[in-house]
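> sharing a sequence plus its predicted fold:
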Amino acid sequence: MAHIVVVEDEKDLAYLIARTLRDEGHTTEVFNHGRLALDRLTNASMIEPDLIVLDLMLPDVDGMTICRRVRQERIIPIVMLTAKSTEIDKVLGLELGADDYVTKPVSLRELQARINAILRRVEMMESRSRTSDNATTPIKDAGLSVDPVSREVHIHGTEILLTAREFDLLYLLSSNPNRVFSRDYLLSRLWGDDYGGFERTIDTHIQRLRRKLGGPGSVADRISTLWGVGYKYERPDSDA
Ligand code: CA
């Protein structure tokens, strides 16, 4: 059970989404105005949702701005609703880093499946960090540092902003150097078992992670692809 904020100006849709989530046992809070949602999500009197469903197109403050502002301050999973397939890259990418998206017209079943997958993943990460010593050990490897407690990543002292999933992916890979992870394994470990087996999801996230790690010739090169198998993190030869 989670507390979920829904930001959607189409009242009928907002109502349907909230009702669906409540039927699942979650509690919901609906905002029909972007400005109000932004205030409540970023100010001192802030509410503490477990997840935000956020419409991209809002009449006052748009979803992009809200996503960016919330991301600057807090780690809360965000699922974007968008009618524009051209925006998907931007929504999931470097600039905004939403955790997932659902295209309009919204399939409530799909939205629910994606929300459940994210919540399960968060729960899994939390229980793992509670039970495993390993999950609190920072990685420091030739200029790259990955801290699972603060969830911050630095490359030679410069902070790299990653989405929650990109972080989990990088931490899992870099804390197990030279171990090959199959796409299947990564999907079920980081996304939950019934995500539907979209292996391309992994490829997309790896691509974006590499881009954020600096592209070719940088830390990004340590993540290597084994065609038809999966991915691994390779330690650089020198410790420079
Ligand atoms: Ca809208």
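That came in fine, so what should we check first? Residues are numbered from 1 along each chain as shown.

> what packs against the lowest-mean-pLDDT helix or strand in the chain?
For the chain, counting by mean pLDDT, DSSP states H and E, helix 88-92 ranks last in confidence among helices and strands (a mean of 73). Packing partners of helix 88-92 (3 or more Cβ pairs under 8 Å, 6 or more residues apart in numbering; DSSP states H and E): helix 63-73, strand 78-82, strand 100-103. Where you see a C-beta, it was placed from the backbone N, CA and C, and this is true even at glycine.

> got the buried residues for the first one?
It stands for helix 63-73. For helix 63-73, the neighbour count (16 or more other Cβ atoms under 10 Å) marks 63-64, 66-67, 70-71 as buried.

> that older thread, got CSV for the helices and strands packed on helix 88-92, with mean pLDDT too?
Shown next, in CSV, are these (pLDDT from 0 to 100):
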stretch, mean pLDDT
helix 63-73, 86
strand 78-82, 92
strand 100-103, 90
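
> could you dump those to JSON lines with distance to residue 91?
Putting these into JSON lines (distance: least, Cβ to Cβ, whole Å) gives the following:
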{"stretch": "helix 63-73", "distance to residue 91": "8"}
{"stretch": "strand 78-82", "distance to residue 91": "5"}
{"stretch": "strand 100-103", "distance to residue 91": "5"}
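
> Throw these into CSV and include distance to the ion, thanks.
Below are the helices and strands packed on helix 88-92 laid out as CSV (distance: least, Cβ to the ion, whole Å):
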stretch, distance to the ion
helix 63-73, 8
strand 78-82, 8
strand 100-103, 13
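
> centre of the chain to the longest helix belonging to the chain, how far?
Criterion DSSP state H: the longest helix present in the chain is helix 108-131. Centre-to-centre, helix 108-131 and its host chain are 11 Å apart (Cα atoms, centre = their mean, to the nearest Å).

> next: stretch 160-180.
Counting by Cα atoms, centre = their mean, stretch 160-180 comes out at 12 Å from the chain centroid.

> give the contact list for residue 10.
By Cβ atoms under 8 Å, 6 or more residues apart in numbering, the residues touching residue 10 are residue 55.

> tell me the confidence at it?
Per-residue confidence (pLDDT) for residue 10: 96.

> now it: how far from residue 57?
9 Å (Cβ to Cβ, to the nearest Å).

> residues contacting stretch 223-233, please?
Looking at stretch 223-233 with Cβ under 8 Å, 6+ apart, the contacting residues turn out to be 173-174, 176-186, 202, 206, 209-210, 213, 222, 234.
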